[in-house]
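Enquirer: no sequence for this one, just the structure:
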Ligand SMILES: O=C(O)CCC(=O)C(=O)O
Ligand SMILES: [Fe+2]
């Protein structure tokens, strides 16, 4: 057994483009993927002035008048994009005490009547009235496009770190017009004395998440192999990068999706802000037909030395063995946002909530 992790490795993206140190980067990435499932990335390619501009907008976004936020409620959107009021999202059936806006890269819906439901999962964003927050949309779209590009540059490095040819993961992505990646801007208010669940324990969905911690608050935690929760404190100038359940499934557990959660800031604190970016894989991909298994023995040895997690508190995204990726993502959203599901996907809503809408928010 390797020693279980008690902190998150910090990788310098500059090494990946330095011929003399590239292999060092790949080795560090291999360790992070197999043993931790999380890493910090410093010296990345997103310009700091753009990040600072986005961070500066965030409090103003949440301070928009309530009716301006309600104009773009997620319930208007079959794509699960838009505004979610405080305390109306669920993780593991429990209320998350956070307020958020989901925005995505531009995408024209592929769904037509008769086509599978999950093609409707992707579509255009809803944006706040530009007169109330001039420049926000442009900044957010620019940010999403740049992080998307960084993720696409990161994918071949993931493949190499797993001991595969650098283009081994390219088959999981469609052409740009058929893809969509989503980000959200999240506010975690201080603990209200009733719950400290900012977001409950969960896995992310796809291959890669790039998270910007947009304020100095603690709160993000990841669960190590023995089940202990480890703090992932904000480090300015870095992204927190983590692996999603799809990559874990398709590598049969070689790359780790790691359970994580956010605890609310302590009572009386200012809010914590974050901006996760979820880099998706193609909607139609059936991962069960695409299992990767030609890893070199020295890489597989690392997995055997690691072993499997003794305990995890997360339960989501378990359908990759039978459903296409789009359907797995849609089911995740149905469970998190039942009110949106009831309006736009009534059959799926009934399947997952046979007793009707949960009485969420009852504590607030
Ligand atoms: O806000 C954070 O730091 C993490 C959020 C997260 O894990 C998620 O939304 O999937
Ligand atoms: Fe997450």
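Expert: Looks like it arrived, so ask away. Since this is a predicted model, take the numbers as computed values, not measurements. Ligands and ions are numbered 1, 2, ... in the order given.

Enquirer: Would you map the strands across the protein?
Expert: Remark: strands assigned in the chain by DSSP state E are 10-12, 38-42, 82-84, 89-91, 94-96, 99-104, 182-188, 197-202, 208-213, 220-223, 229-231, 239-243, 260-263, 272-279.

Enquirer: Out of those, which one sits most buried?
Expert: strand 239-243 (a mean of 26; mean count of other CB atoms under 10 Å). Placement of C-beta: from N, CA and C, glycine included.

Enquirer: Partner strands of that one, with direction?
Expert: strand 38-42 (antiparallel), strand 208-213 (antiparallel) (DSSP bridges).

Enquirer: burial of the spatially closest residue to residue 110 that is not a sequence neighbour, as a residue count?
Expert: Excluding its sequence neighbours, the residue lying closest to residue 110 (CB to CB, 6 or more residues apart in numbering) is residue 119, at 4.7 Å. By other CB atoms under 10 Å, 19 other residues sit near residue 119.

Enquirer: before we move on, the earlier item: ok, of the strands of the chain, where does mean pLDDT dip lowest?
Expert: The stretch with the lowest mean pLDDT among the strands of the chain is strand 89-91, at a mean of 86.

Enquirer: Could you dump the strands of the chain into a markdown table with distance to residue 170 added?
Expert: Shown next, in a markdown table, are the strands of the chain (distance: least, CB to CB, whole Å):
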| stretch | distance to residue 170 |
| --- | --- |
| strand 10-12 | 22 |
| strand 38-42 | 21 |
| strand 82-84 | 32 |
| strand 89-91 | 32 |
| strand 94-96 | 34 |
| strand 99-104 | 22 |
| strand 182-188 | 21 |
| strand 197-202 | 28 |
| strand 208-213 | 14 |
| strand 220-223 | 28 |
| strand 229-231 | 33 |
| strand 239-243 | 18 |
| strand 260-263 | 27 |
| strand 272-279 | 14 |
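
Enquirer: re the thing from before, next, format the strands paired with strand 239-243 as CSV and append distance to ligand 1.
Expert: Output for the strands paired with strand 239-243, formatted as CSV (distance: least, CB to the nearest ligand atom, whole Å):
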stretch, distance to ligand 1
strand 38-42, 11
strand 208-213, 5
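
Enquirer: Tell me which of the ones you listed lies nearest to residue 60.
Expert: strand 208-213 (16.7 Å; CB to CB).

Enquirer: Out of the strands of the chain, the one nearest residue 27 is which?
Expert: Between residue 27 and the strands of the chain, the tightest spacing by CB to CB is seen for strand 10-12, at 10.3 Å.

Enquirer: Quick check: which helices or strands does that closest one pack against?
Expert: helix 22-31, strand 38-42 (3 or more CB pairs under 8 Å, 6 or more residues apart in numbering; DSSP states H and E).

Enquirer: partner residues bridging the residue of the stretch 151-300 of the chain found nearest ligand 1?
Expert: When scored by CB to the nearest ligand atom, the stretch 151-300 of the chain has residue 274 as its residue closest to ligand 1, at 3.4 Å. Going by DSSP bridges, residue 274 is paired in beta bridges with residue 186, residue 213.

Enquirer: Please verify my assumption that residue 57 contacts residue 136.
Expert: Yes: at 5.0 Å, residue 57 counts as touching residue 136 under the criterion of CB atoms under 8 Å.

Enquirer: In terms of neighbours, single out the busier of those two.
Expert: Neighbours were counted for residue 57 and for residue 136 using other CB under 10 Å; residue 136 has more, 23 against 19.

Enquirer: Next, work out how far apart the more buried one and residue 69 are.
Expert: To residue 69, residue 136 is 13 Å away according to CB to CB, to the nearest Å.

Enquirer: What lies in contact with stretch 335-345?
Expert: Contacts to stretch 335-345, defined as CB atoms under 8 Å, 6 or more residues apart in numbering, come from residues 74-75, 77-78, 80, 84, 88-91, 117, 120, 316, 330, 333-334, 348-349, 352-353, 357-358, 360.
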